[in-house]
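Chemist: Here is my input; please provide its structure:
(one chain, ligands or ions: 2)
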Amino acid sequence: MTDCLFCKIVAREIPADIVLETERALAFRDINPQAPTHVLVVPKSHHENAAALAQADDGLADDVLKACHDVALQEGVSGSGYRVVFNTGEGAGQTVLHVHAHVLGGRGLTWPPG
Ligand code: 5GP
Ligand code: ZN
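Modeler: Ligands and ions are numbered 1, 2, ... in the order given. The predicted structure follows:
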């Protein structure tokens, strides 16, 4: 997609603080972090949201979820606990229409979320 912010980050057209890269996924720090660890994990290919990701190429959703856990391990939050969030749709606060998992950790996370 030519006019997608996260496609541009994947293509290295826009800079980002990349923390992990796999064959099909990229993880980079959120520009407006909501926790000490706040990393976004995206598939390199463009899919609008989690529902589209689930129906995409075989194993792609798996790869994204595995990358989330690898990020948590790398960031040292897998033991203390972390949250993986896919905001899906406007009412849930999705602002970038290229599916992304938020990996949040490094502080206590309350439930329910706001
Ligand atoms: P959403 O609200 O769609 O679930 O999450 C979009 C996230 O992307 C937000 O947390 C926002 O801070 C982050 N974001 C928006 N623009 C950029 C950017 O240019 N670079 C990075 N690294 N994160 C961004
Ligand atoms: Zn995209």
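Chemist: hey, let's count contacts and neighbours off CA atoms from now on
Modeler: Noted.
Chemist: quick one: the longest strand out of those in the chain near ligand 1?
Modeler: Ranked by residue count and defined by DSSP state E, the top strand of the chain is strand 37-43. No. Using C-alpha under 6 Å from any ligand atom, we find that strand 37-43 stays clear of ligand 1, coming within 7.3 Å at best.
Chemist: Now the element after that strand, going C-ward?
Modeler: Downstream of strand 37-43, the first helix or strand assigned by DSSP states H and E is helix 50-54.
Chemist: Poorly predicted segments of the chain, please.
Modeler: Applying pLDDT under 70 to the chain flags residues 1.
Chemist: what packs against the biggest helix by length in it?
Modeler: Secondary structure of the chain per DSSP state H: the longest helix is helix 60-75. Here helix 60-75 touches strand 18-21, strand 25-29, strand 37-43, helix 50-54, strand 101-105, going by 3 or more C-alpha pairs under 8 Å, 6 or more residues apart in numbering; DSSP states H and E.
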